[in-house]
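Trainee: Requesting a structural model of the entry that follows:
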Amino acid sequence: MADWRYRLKCGARLRRAIESGDHEAVIEGIKAAYKELLDNGLIDDYDYEDYTEDLDMYGDTDDYDDLDEALDYELNDLYDLCDNIRVWISL
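Mentor: Numbers count the residues shown, from 1 in each chain. Next comes the predicted model:
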């Protein structure tokens, strides 16, 4: 069994946003997750900016097919990062 360093508090909210299909809520949920990681010293300012800069751009698009694919990519990055730094994302 994996030894988790931290449990992401906003994980359940992010899961609800994903299930609702609300793109804006998913974007805000991903940003909140990165902010929580930053606030707890699990990533630094540079990583935070790097991970969130594209998320701000997605809110301005109406092309939801491409947005779904982009958000899947962003969620993949978040999940991979959390796995690598041993952060549990609750469902």
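
Trainee: wait, residue 54 sits on residue 67?
Mentor: No. Using Cβ atoms under 8 Å as the test, residue 54 is too far from residue 67 to be in contact (11.3 Å). Every C-beta, even on glycine, is put in place using the N, C-alpha and C of the backbone.

Trainee: And those two? Which one has more around it.
Mentor: Under the neighbour definition other Cβ atoms under 10 Å, residue 54 and residue 67 were set side by side, and residue 67 has more, 16 against 13.

Trainee: now the chain, which segments are flagged as low pLDDT?
Mentor: 1, 59-65 (pLDDT under 70).

Trainee: which outside residues touch the longest helix along it?
Mentor: If each helix of the chain is counted by residues according to DSSP state H, the longest one is helix 64-84. Contact with helix 64-84 is made by 8, 18, 23, 26-27, 30, 33-34, 37, 43, 51, 54-55, 58, 61, 87-89, as judged by Cβ atoms under 8 Å, 6 or more residues apart in numbering.

Trainee: From the centroid of this protein, which residue is nearest?
Mentor: Closest to where the C-alpha atoms of the chain average out (Cα atoms, centre = their mean) is residue 30, at 2.8 Å.

Trainee: residues in contact with that one?
Mentor: With contacts defined as Cβ under 8 Å, 6+ apart, the neighbours of residue 30 are 14, 52, 55, 71, 74-75, 78.

Trainee: Can you tell me which of the residues you listed is closest to residue 2?
Mentor: Each of the contacts of residue 30 was checked against residue 2 using Cβ to Cβ; the closest is residue 78, at 17.1 Å.

Trainee: What about the closest one, how many residues nearby?
Mentor: Using other Cβ under 10 Å, the number of residues around residue 78 comes to 20.

Trainee: try residue 71
Mentor: A count of nearby residues for residue 71, using other Cβ under 10 Å, gives 20.

Trainee: distance between the longest helix of the chain and the chain's centre?
Mentor: How far helix 64-84 lies from its chain's middle: 7 Å, per Cα atoms, centre = their mean, to the nearest Å.

Trainee: what comes up buried for that helix?
Mentor: If you call a residue buried by 16 or more other Cβ atoms under 10 Å, then helix 64-84 has these buried ones: 67, 70-71, 74-75, 78, 81-82.
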